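>>> No sequence on hand, only this structure:
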């Protein structure tokens, strides 16, 4: 309550404050998770949610006990860093390690999942993927469609429809070379 008016207050927020939608909220948390990334090429975060409850999180980086790309550089093979595990896979691994089913869940990713992550998410029973930054993988898109997984791009706040997300090229696609790293490192 506002002490002066006796009406519900705004928690000290400016009158123009708008509460984020649940999708915006969880995608914002994926951004925070991405800050833990140990990949020098791109920071990616993923949050797995069911019934508005967080089940697991993941970021891209080296497997536990392995050196971080931040410390020793990327291990490149055919233009891809093979030292890292992708954020989506790390989130699935975290759920599995703790005995948490993600069947029927939504995955919030800072970037569109690659084909390998798409297959894992489909196999784990994920029903919806919400992402911000595009990563051009038409086969992953096709697999999601075949599996009936709903895929939605959430535009960054203030972005005009069709406007590329931060970090995406002029085509709106993320650079191919930057979409490879992933994982919980510690």
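Structure's in. What do you need? Everything quoted here is computed from the prediction, not taken from an experiment.

>>> Please compute how far the least confident helix or strand in the chain by mean pLDDT lies from its chain's middle.
Comparing helices and strands within the chain by mean pLDDT, DSSP states H and E singles out strand 80-81 as the least confident, with a mean of 88. Computed by C-alpha atoms, centre = their mean, to the nearest Å, the chain-centroid distance of strand 80-81 equals 19 Å.

>>> What strands line up against that strand, and which way round?
The sheet places strand 80-81 alongside strand 76-77 (antiparallel), with pairing taken from DSSP bridges.

>>> Next, the contact list for the residue nearest the centre of the chain, please.
For the chain, the residue whose C-alpha lies nearest the mean C-alpha position (C-alpha atoms, centre = their mean) is residue 109; its distance is 1.7 Å. When contacts are counted by C-beta atoms under 8 Å, 6 or more residues apart in numbering, residue 109 touches 30, 44-46, 87-88, 129-132. Placement of C-beta: from N, CA and C, glycine included.

>>> rerun at 6 Å
With contacts taken as C-beta atoms under 6 Å, 6 or more residues apart in numbering, residue 109 has the following neighbours: 46, 88, 131.

>>> Could I get those residues in CSV, plus columns for pLDDT and distance to residue 60?
Written out in CSV, the entries for the contacts of residue 109 read as follows (pLDDT from 0 to 100; distance: C-beta to C-beta, whole Å):
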residue, pLDDT, distance to residue 60
46, 98, 9
88, 98, 9
131, 98, 14
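
>>> List just the nearest of those to residue 147.
Proximity of those to residue 147 (C-beta to C-beta) peaks at residue 88, which lies at 14.6 Å.

>>> where do the strands sit along this structure?
Taking DSSP state E as the test, the strands found in the chain are 45-50, 53-59, 76-77, 80-81, 106-111, 128-133, 150-153.

>>> Where among these is average confidence lowest?
By mean pLDDT, the lowest-scoring of these turns out to be strand 80-81, with a mean of 88.

>>> what's the neighbour count on residue 125?
Look at residue 125: counted by other C-beta atoms under 10 Å, it has 13 neighbours.

>>> Give me the local confidence score for it.
Here the pLDDT value assigned to residue 125 is 98.

>>> for this structure, what are the low-confidence residue spans?
Per-residue confidence for the chain (pLDDT under 70) gives these ranges: 1-11, 157-186.

>>> Show residues contacting stretch 89-105.
By C-beta under 6 Å, 6+ apart, the surrounding residues in contact with stretch 89-105 are 46, 48, 50, 55-58, 117, 120, 124-127, 183-184.

>>> Would you tell me which one of these comes nearest to residue 22?
Using C-beta to C-beta, the contacts of stretch 89-105 come closest to residue 22 at residue 50, 12.0 Å.
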